[in-house]
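Colleague: Provided below are the primary sequence and the corresponding predicted coordinates.
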Amino acid sequence: MTDIAGLERLIEPEVKRLGYDLVRVMMIGGASDPTLQVMAEREDTRQLGITDCEKISRHLSDMLDLADPIAGSYRLEVSSPGIDRPLTRLKDYADWAGHEARITLREPQGERKQFSGTLEGIDGDVVKLTDKSGASHELDFPDIASAKLVLTDKLIKATAPLSTEGADHIETVEE
């Protein structure tokens, strides 16, 4: 089994050195066709263009060949997190406040393990979310197994243009 936390510790400083933020490191595919997926973004635009992917991929490929942290062969995939991005860092929940998300907990909170609704930001390491019924939920960040933004018209407007040129910050559009 591949040590994902170890890979993150190896990859993150290299991605930072190139001027990007690491979003996620994950092994996908089966044992016969493993792929190391690295998601990164430009800090100024929260996106990643094809030339950015090429730059990161070439650098990481050389570094990973030298360090050889993964047994056997694998494919390296460098990508943008995309518009309906995974929320992997605590700051993501603050940055994307006002947008809809789906959150799955590691263990049930009360009777529920899955929550959907509008992100209301964070308070310390607690993620705040309001569901469609208007109920507020406070979810401890360490208890979150996975989360991602939900593709909505509001999210599309907030992330346009999808190129990295001309965008200098995230803009939340009110409906």
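Modeller: Noted; the coordinates are in hand.

Colleague: contacts and neighbour counts: CA atoms only from here.
Modeller: Will do.

Colleague: remind me which residues of the protein are low pLDDT?
Modeller: Under the criterion pLDDT under 70, the flagged ranges of the chain are 1, 161-175.

Colleague: in it, where's the longest helix?
Modeller: The single longest helix within the chain, with elements called by DSSP state H, is helix 50-67.

Colleague: ok, residues contacting the helix or strand that that one is followed by?
Modeller: Scanning forward in sequence from helix 50-67 by DSSP states H and E, the next helix or strand is strand 75-79. Residues lying outside strand 75-79 but in contact with it, judged by C-alpha atoms under 8 Å, 6 or more residues apart in numbering, are 33-40, 48, 53-54, 56-57, 61.

Colleague: same thing but 7 Å
Modeller: Residues from elsewhere that reach strand 75-79, judged by C-alpha atoms under 7 Å, 6 or more residues apart in numbering: Pro34, Thr35, Leu36, Gln37, Val38, Met39, Ala40, Cys53, Ser57.

Colleague: and the fourth one, bridged to which residues?
Modeller: Note on Gln37: beta-bridge partners Met26, Glu77, judged by DSSP bridges.

Colleague: how close does it get to Met63?
Modeller: As defined by C-alpha to C-alpha, to the nearest Å, Gln37 lies at a distance of 15 Å from Met63.

Colleague: now the contacts of strand 75-79: which count as buried?
Modeller: Buried members of these, counted by 16 or more other C-alpha atoms under 10 Å: Thr35, Leu36, Gln37, Val38, Met39, Ala40, Cys53, Ser57.

Colleague: can you give the distance of the lengthiest strand in the chain from its chain's centre?
Modeller: In the chain, taking DSSP state E as the definition, the longest strand is strand 112-123. Computed by C-alpha atoms, centre = their mean, to the nearest Å, the separation of strand 112-123 from the middle of its chain amounts to 16 Å.

Colleague: got the domain ranges for the protein?
Modeller: 4-79, 90-155 (automatic domain parsing).

Colleague: residue contacts, the residue lying closest to Val78 once chain neighbours are set aside?
Modeller: Of all residues beyond its chain neighbours, the one nearest Val78 is Val38 (4.8 Å), with distances taken as C-alpha to C-alpha, 6 or more residues apart in numbering. Going by C-alpha under 7 Å, 6+ apart, Val38 touches Arg24, Val25, Met26, Glu77, Val78, Ser79.

Colleague: can you pull the phi/psi pair for Gly29?
Modeller: Gly29 adopts backbone torsions of phi 90, psi 170, taken as degrees, to the nearest 10.
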